[in-house]
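Colleague: Below are the sequence and a predicted model; questions follow.
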Amino acid sequence: MVPAPLPRRFHEVLVIAAHPDDAEFSFGATVARLVDEGARVTYVVVTDGSQGGEDPTEPAEDLAARRYAEQREAARVLGVTDVVFLGFPDGLLADTPELRLALTRQIRRHRPDLVLTHQPLRSLQFPIGASHPDHLAVGHSALSAVYPDARNPRAFPELLAEGLAAHRVAEVWVPGHEHTDLLVDVDRTVERKVAAILTHRSQFLGSSDPRADVQWVVDRMRGNGKALGCDYAEAYKRIITDAAAAAGPPPPESRSGDQVSVAAR
């Protein structure tokens, strides 16, 4: 079955994630689909992932090196060959000019038409892990880097000296949570997402069945798929950066999953 079409064709995609494994959990099946449809996808991983372990005696640099290797392997499973690690300390991110500069540099360097990144808003409906402080910080800084920093030639003038001209990103997609207005059909790529997640072996050291541990991810995609009329879907809030005005909230009678699915198609 031919998947429901994406809103438009994308050529360059930048995924901005707080930690190793965030890209796979949040966007993995969509990333694989974008690659399959001809987009070049680049990962930017902001932190070193050194707090993502259960053994307090393991040296931070050892854990970070292991997580970097796992991230590269996971990216390859999805067809991503370019992974950039910014190396900020895990667990300590804030929406700062330093982080905005770093992300603006990557946007101007890779010149994406689509950015996938974290929600900048704390969800009070989804599990608390969806609103990790590092996710919120990256979401804020990434959106600020998209607008106004990356497109404003007067922002961070040192980037012009590096040969990085201003760039306008067309769209940003963030996990939809309670703001979902775009569902992406991922029937053909759901298993690659799961396989990519499972390459992060450091995150499953105490598990007897890592595949069962991530069943909730599959179940969530299955629920999204029902709303779209397919088996599996990933859910986003779609931000069109040059839209003249927001559409505003839908009327109460059009807040059903069926209405979202029509908008997504």
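Modeller: Right, received. Where do you want to start?

Colleague: Identify, by residue count, the longest helix of this protein.
Modeller: Secondary structure assigned by DSSP state H gives helix 60-78 as the longest helix of the chain.

Colleague: That helix - contacts with which helices or strands?
Modeller: With contacts taken as 3 or more CB pairs under 8 Å, 6 or more residues apart in numbering; DSSP states H and E, helix 60-78 sits against helix 22-36, strand 40-47, strand 82-88, helix 190-198. Where you see a C-beta, it was placed from the backbone N, CA and C, and this is true even at glycine.

Colleague: Just the residues contacting that helix, thanks.
Modeller: 19-21, 23-24, 28, 31-32, 35, 41, 43, 45, 48-50, 52-53, 81, 83, 85, 90, 192-193, 195-197, 199-202 (CB atoms under 8 Å, 6 or more residues apart in numbering).

Colleague: still on that earlier bit, JSON lines for the helices and strands packed on helix 60-78, including distance to Trp173 and mean neighbour count?
Modeller: Converted to JSON lines, the helices and strands packed on helix 60-78 look like this (distance: least, CB to CB, whole Å; neighbours: other CB atoms under 10 Å):
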{"stretch": "helix 22-36", "distance to Trp173": "8", "mean neighbour count": "25"}
{"stretch": "strand 40-47", "distance to Trp173": "13", "mean neighbour count": "24"}
{"stretch": "strand 82-88", "distance to Trp173": "19", "mean neighbour count": "17"}
{"stretch": "helix 190-198", "distance to Trp173": "15", "mean neighbour count": "21"}
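
Colleague: how about JSON lines for these, with mean pLDDT and distance to His11 added?
Modeller: Converted to JSON lines, the helices and strands packed on helix 60-78 look like this (pLDDT from 0 to 100; distance: least, CB to CB, whole Å):
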{"stretch": "helix 22-36", "mean pLDDT": "98", "distance to His11": "10"}
{"stretch": "strand 40-47", "mean pLDDT": "98", "distance to His11": "7"}
{"stretch": "strand 82-88", "mean pLDDT": "98", "distance to His11": "14"}
{"stretch": "helix 190-198", "mean pLDDT": "98", "distance to His11": "21"}
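
Colleague: Arg238: which of the ones you listed is closest?
Modeller: Ranking the helices and strands packed on helix 60-78 by proximity to Arg238 (CB to CB) places helix 22-36 first, at 11.8 Å.

Colleague: can you give me the strands for the protein?
Modeller: Assigned strands in the chain, in chain order: 12-17, 40-47, 82-88, 114-116, 171-175, 182-185, 233-240 (criterion: DSSP state E).

Colleague: And for Gln106, the neighbour number?
Modeller: Other residues lying near Gln106 total 22 when counted by other CB atoms under 10 Å.

Colleague: Look up how far Leu99 lies from the closest residue to it other than its chain neighbours.
Modeller: Leaving aside its chain neighbours, Gln106 sits nearest to Val44 (4.9 Å; criterion: CB to CB, 6 or more residues apart in numbering). Going from Val44 to Leu99 by CB to CB, to the nearest Å gives 11 Å.

Colleague: Cheers, nothing more for now.
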